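# Give me the fold of what follows.
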Amino acid sequence: MLSVNVAVLVSGGGTNLQALIDAQKRGELGRGEIKLVISNRKNAYALQRAENNGIETAYVKMRRGDSACEKELLELLQKKGIDMLVLAGYLAILGENIINAYRNRIINIHPSLIPSFCGMGYYGLKVHEAALEYGVKVTGATVHYVNEIADGGKIILQKAVDVREDDTPKTLQLRVMQEAEWKLLPQATKLVCERIYSERNAL
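Predicted coordinates for the structure are as follows:
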């Protein structure tokens, strides 16, 4: 196996996806290669970003507890020979069949220092609103493995970002993306791809 085939799952604009694509162009994903971008929203701009860079895309509806949607997604991943999943602003919850099929091969980026401001209901601007409301002086981002508990998997990488006196949720969100998310996600993707590659070739 020359490369580890990566699928990136997205729901929105795809800024973290763009960070991954840019890192790949710079040769910073190691053995990882983005083969597929999947969205649970038909009109997600992230799909356009992928197409602009010659990466195959797919739309798969995902409703929690819907076994047909989960089966469609799992079959697509297996058909395309995907080795690893990266959740980059993916707002759907993966079912246990997918988690079991890709155990310790699914990672997610979360815009806080877990265990703060994480779990069900904490996503997007809501995370930064909560951080500012609480008055924390330091926030950041976390890349973690995905398991059955929302934001509950083992932490892979974290990076702290200072909170400023004049921050709004939007200014804080942008700085956390620029200073932490866009750096951590490619680094973690490379780390996990290298591990998968080593394990495969040790067999």
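# isn't Thr15 right up against Val176?
No: applying Cβ atoms under 8 Å, one finds Thr15 not in contact with Val176, separated by 11.3 Å. Bear in mind the C-beta positions are built from the backbone N, C-alpha and C, glycine included.
# ok, the two, which is more surrounded?
More neighbours sit around Val176 than around the other of Thr15 and Val176, counting by other Cβ atoms under 10 Å; the figures are 24 against 18.
# and that one, what helix or strand is that in?
When elements are defined using DSSP states H and E, Val176 is found to belong to helix 169-176.
# tell me the angle of the helix or strand following that helix relative to helix 169-176?
Sequence-wise, the next helix or strand downstream of helix 169-176 (DSSP H and E) is helix 182-202. Comparing the axes of helix 182-202 and helix 169-176 via axes from the mean of the first three to the mean of the last three Cα atoms, to 10 degrees yields an angle of 40 degrees.
# Would you mind pulling the contact partners of helix 182-202?
By Cβ atoms under 8 Å, 6 or more residues apart in numbering, the surrounding residues in contact with helix 182-202 are 1, 4, 6, 15-16, 19-20, 23-24, 28-32, 83-84, 86, 88, 105, 107, 109, 141-143, 156-159.
# returning to that earlier point: buried sites along the helix holding Val176?
Along helix 169-176, these residues count as buried under the neighbour rule (16 or more other Cβ atoms under 10 Å): 169, 172-173, 175-176.
# Mean confidence (pLDDT) on stretch 82-93, please.
Per-residue pLDDT values over stretch 82-93 give a mean of 96.
# make that stretch 186-195, sorry
On average, the pLDDT along stretch 186-195 is 98.
# how about it: buried residues?
For stretch 186-195, the neighbour count (16+ other Cβ under 10 Å) marks 186-193 as buried.
# One more: stretch 147-159?
Applying a neighbour-count criterion of 16+ other Cβ under 10 Å, one finds 147, 150-151, 153, 156-159 buried in stretch 147-159.
# Just send the residues you listed back as CSV, with secondary structure too.
Supplementary listing: the buried residues of stretch 147-159 in CSV, determined by DSSP: H, G, I helix; E, B strand; the rest coil:
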residue, secondary structure
Asn147, coil
Ala150, coil
Asp151, coil
Gly153, coil
Ile156, strand
Leu157, strand
Gln158, strand
Lys159, strand
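# buried subset of the contacts of helix 182-202?
Judged by neighbour count, with 16+ other Cβ under 10 Å as the criterion, the buried members of the contacts of helix 182-202 are 4, 6, 15-16, 19-20, 23-24, 29-32, 83-84, 86, 88, 105, 107, 109, 141-143, 156-159.
# and of the buried residues of helix 169-176, the nearest to Val10?
The shortest distance between Val10 and any of those, using Cβ to Cβ, involves Gln173 and amounts to 16.8 Å.
# So the closest one sits against Leu125, correct?
Yes: A contact is recorded between Gln173 and Leu125 when judged using Cβ under 8 Å, the distance being 6.0 Å.
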